[in-house]
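sharing a sequence plus its predicted fold:
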Amino acid sequence: VRTSDFIASYCIPIASLQQGYRHIPLNDLNGDQYPFTTLFIYSSLSG
């Protein structure tokens with residue numbers, strides 16, 4: 001990823017991700033959280 005293409009990031013272990021609707025915080029290049037910014041996701045296990 002080039003710096004000019006970077007928007008945000010967040011790392012979470014898959015085992016820690018709970019099922020359902022979640023707000024994932026977004027971080028800048030320095031690892032600081034963007035204020036009032038999250039990614040709203042739905043996760044579920046199937047198998």
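That came through, no problem. Residues are numbered from 1 along each chain as shown.

now the strands for this protein?
20-27, 33-43 (DSSP state E).

helices or strands next to the longest one in the packing?
It refers to strand 33-43. Helices and strands touching strand 33-43, by 3 or more CB pairs under 8 Å, 6 or more residues apart in numbering; DSSP states H and E, are strand 20-27. Quick note: C-beta positions are derived from backbone N, CA and C, even for glycine.

and the contacts of the strand it packs on?
7-10, 12, 33-34, 37-44 (CB atoms under 8 Å, 6 or more residues apart in numbering).

same thing but at 7 Å, please
With contact meaning CB atoms under 7 Å, 6 or more residues apart in numbering, strand 20-27 is reached by 8-10, 33-34, 37-43.

swap in stretch 37-46?
Taking CB under 7 Å, 6+ apart as the rule, stretch 37-46 contacts 17, 19-26.

and with 6 Å instead?
Contact with stretch 37-46 is made by 17, 19, 21-26, as judged by CB atoms under 6 Å, 6 or more residues apart in numbering.

His23 bridge partners, please.
His23 has these beta-bridge partners by DSSP bridges: Phe40.

so which two of the contacts of stretch 37-46 are the farthest from each other?
Farthest pair in the contacts of stretch 37-46 (CB to CB) is Gln19 and Leu26. Separation: 21.1 Å.

neighbour count for those two, which is higher?
Leu26 (14 against 9; other CB atoms under 10 Å).

fine by me, we can end here.
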